[in-house]
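>>> I'll drop the sequence and a predicted model, then ask my questions.
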Amino acid sequence: MNKITFDEKNIVYEYNHGMESTVYLYDINGKSVLLKYFKDKIILDDTFYGNKKEDNIRYIPEETFINKEKKLELISEMDCFKDEVKILDLVYNKEGKFVGYTMGIEKMNTVEDVYSRKQKIKVLELLKEKIELLNENNVYIGDISSRNMLYDGNTLKLCDLDNYRIGEYDIDLKTLLTKDYEKMRKDPKNLDNYMFNLYHYGLVYRYHSSVVLRTLRQNGLPFRLRTQENEKLLKDILSDKKTYQKRYFLDNMRF
């Protein structure tokens, strides 16, 4: 994998930004790539984290940058990532500190733009295959999000790979669902099955991830998912004593 030095002069424009990073369309010797540049601090929402501005700032520890750099190096070497958005270069600032990476540009939309139930089910089928392949290689996604997957009606590609758990290198930015899972279970082996089943419910029935678990606890499964197998699976998901690897609502639903 190549290592390059970040130069603001090569920024074409800001492509996207999130809590932990900004993505730029970036020029490297006439070739356009996407460059993900990590922030050294994140600003949290006042609504959830208090009213004082200084209380809402979280500085990113140096260990997080080291963790991401090592994971990206591993990703470039692992066959299980060969069909995902390609990582091209590691990016460093002028002082030699790791600050981000570049990736190829895909002519695909995020899964956020998928609206039909039929296409959502197809996305889930493709994602299930990818999860099983990654898990077999000791890789766990953790945060399954529609904005971190690209889809063109036939092919699904995963992006934002730097936040995955890979071997001993943990997830860097954990969602509330991931944190809730880890409070109940220390073993990561069920993590993606847990997240996938909750994601299925949220995607198809249009619930935000923040309310999926509460809604399932209160209302149970909707009609299409309410089979004997899935009722047992839901009970196991809501328990901290069961294993449910390779068990999916998707496999036992009413079409």
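All right, it came through fine.
>>> okay, CA-based contacts and neighbour counts for the rest of this
OK.
>>> show the subsequent helix or strand relative to the lowest-mean-pLDDT helix or strand in the chain.
Using mean pLDDT, DSSP states H and E, helix 46-49 stands out as the lowest-scoring helix or strand of the chain, at a mean of 43. Using DSSP states H and E, the helix or strand that directly follows helix 46-49 along the chain is strand 57-59.
>>> how far does stretch 88-98 stretch from one end to the other?
Across stretch 88-98, the terminal residues are separated by 14 Å (C-alpha to C-alpha, to the nearest Å).
>>> list the buried ones in it?
88-92, 98 (16 or more other C-alpha atoms under 10 Å).
>>> among those, which ones are in strands?
88-92, 98 (DSSP state E).
>>> return the member of those nearest to Leu221.
Leu88 (42.3 Å; C-alpha to C-alpha).
>>> tally of neighbours for Ile57?
14 (other C-alpha atoms under 10 Å).
>>> before we move on, back to that, nearest to Leu133, of the buried residues of stretch 88-98?
Nearest member of those to Leu133, counting by C-alpha to C-alpha, is Leu88, at 22.0 Å.
>>> hang on, isn't that closest one packed against Thr102?
Yes. Assessed by C-alpha atoms under 8 Å, Leu88 is found in contact with Thr102 at 5.4 Å.
>>> and the strands in this structure?
Using DSSP E, strands in the chain cover 2-5, 11-17, 21-28, 31-38, 41-43, 57-59, 87-92, 98-103, 109-110, 139-140, 149-151, 156-158, 165-166.
>>> low pLDDT regions in the stretch 151-255 of the chain?
241-242 (pLDDT under 70).
>>> could you pull out the helices for it?
176-184, 191-205, 209-219, 228-237 (DSSP state H, counting those that start in this stretch).
>>> same list (the strands of the chain) but as CSV, adding distance to Arg206.
Below are those laid out as CSV (distance: least, C-alpha to C-alpha, whole Å):
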stretch, distance to Arg206
strand 2-5, 41
strand 11-17, 24
strand 21-28, 26
strand 31-38, 29
strand 41-43, 27
strand 57-59, 31
strand 87-92, 31
strand 98-103, 30
strand 109-110, 16
strand 139-140, 24
strand 149-151, 17
strand 156-158, 20
strand 165-166, 27
